[in-house]
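S.K.: After the sequence you'll find the predicted model.
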Amino acid sequence: MYGDANEDGLKIAGADFLDAHGDNWIARQASKFSVLNVHAREIPAAAARIFPELGDQQLLSPNLFYKMLLAVRAAAGKLFGWDRGMNWHGAEPLEVGKHCAFFLIEHVDAPRELAMSVENRLTGALMGWVLEESAGRTRVFNVTCANFAGRQGRLYWRVIRPFHDVLIEDSLKALERRVRQPAP
């Protein structure tokens, strides 16, 4: 069970995800990374209804707290020179080569999978969404694969990981709220 009925179930073991979903694009990339972080939530909607919502940049900052946190992170990145060449892009189609915020879209298999990359001086990462539909419900997985450069990169992950985990879990909850609303 994923979601509110099992809050601890939002975070799942990466090995369990890979065992069940090894045929997904992002799962096939996981061996290139030292970190695999997976969260899941079951949403009572079809994958075709959920998939377009993944491009909504508000999922990266689902409330004011995260908007402020991302602003602080952006300021630190600028101050320490972590993010040279990284830009925040406006809304773009969910297509390979386009962007979703500061991520480059690497893989699209609508309505089943979306994977994006980001790279800076500290991190090389993929973030993906995998949708598994069954009987009108969809289990939505957020998969983050990352490598961190040197001691500074590893320290960065230790500092941001709790925030990353809570952000992803809140993003999954926000995604569910969005898809429960009538489609535009």
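M.R.: Done, it's in.
S.K.: where along the protein do the strands fall?
M.R.: Ranges of strands within the chain are 11-12, 35-43, 99-100, 103-109, 113-119, 123-134, 137-148, based on DSSP state E.
S.K.: And the first one, what does it pack against?
M.R.: Packed against strand 11-12 by the contact rule (3 or more C-beta pairs under 8 Å, 6 or more residues apart in numbering; DSSP states H and E) you find strand 35-43. Every residue, glycine included, has its C-beta placed from N, CA and C.
S.K.: Mind listing the strands the strand it packs on pairs with, and their directions?
M.R.: strand 11-12 (antiparallel), strand 137-148 (antiparallel) (DSSP bridges).
S.K.: mind giving me JSON lines with those and columns for mean neighbour count, mean pLDDT and distance to Leu36?
M.R.: Shown next, in JSON lines, are the strands paired with strand 35-43 (neighbours: other C-beta atoms under 10 Å; pLDDT from 0 to 100; distance: least, C-beta to C-beta, whole Å):
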{"stretch": "strand 11-12", "mean neighbour count": "16", "mean pLDDT": "89", "distance to Leu36": "11"}
{"stretch": "strand 137-148", "mean neighbour count": "21", "mean pLDDT": "97", "distance to Leu36": "6"}
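S.K.: quick one: pLDDT of the nearest residue in space to Pro93 that is not next to it in sequence?
M.R.: Using C-beta to C-beta, 6 or more residues apart in numbering and skipping residues adjacent in sequence, the residue nearest Pro93 is Gly55, 7.6 Å away. For Gly55, the model assigns a pLDDT of 91.
S.K.: what's the spacing between Gly55 and Asp19?
M.R.: 29 Å (C-beta to C-beta, to the nearest Å).
S.K.: Looking at those two now, which is surrounded by more residues?
M.R.: Gly55 (18 against 10; other C-beta atoms under 10 Å).
S.K.: got a list of what the closest residue to Gly136 other than its chain neighbours touches?
M.R.: Ranked by C-beta to C-beta, 6+ apart and with sequence neighbours excluded, the top spatial neighbour of Gly136 is Ala46, at 6.4 Å. Remark: with contacts taken as C-beta atoms under 8 Å, 6 or more residues apart in numbering, Ala46 is in contact with 111, 133, 136, 138.
S.K.: Now do the helices for the chain: every range, in order, please.
M.R.: 14-21, 25-29, 47-50, 64-80, 150-180 (DSSP state H).
S.K.: now His21, nearest residue through space, not along the chain?
M.R.: Ala27 is the one closest to His21 (C-beta to C-beta, 6+ apart), at 5.1 Å.
S.K.: count of neighbours near that neighbour?
M.R.: A count of neighbours around Ala27, defined by other C-beta under 10 Å, yields 23.
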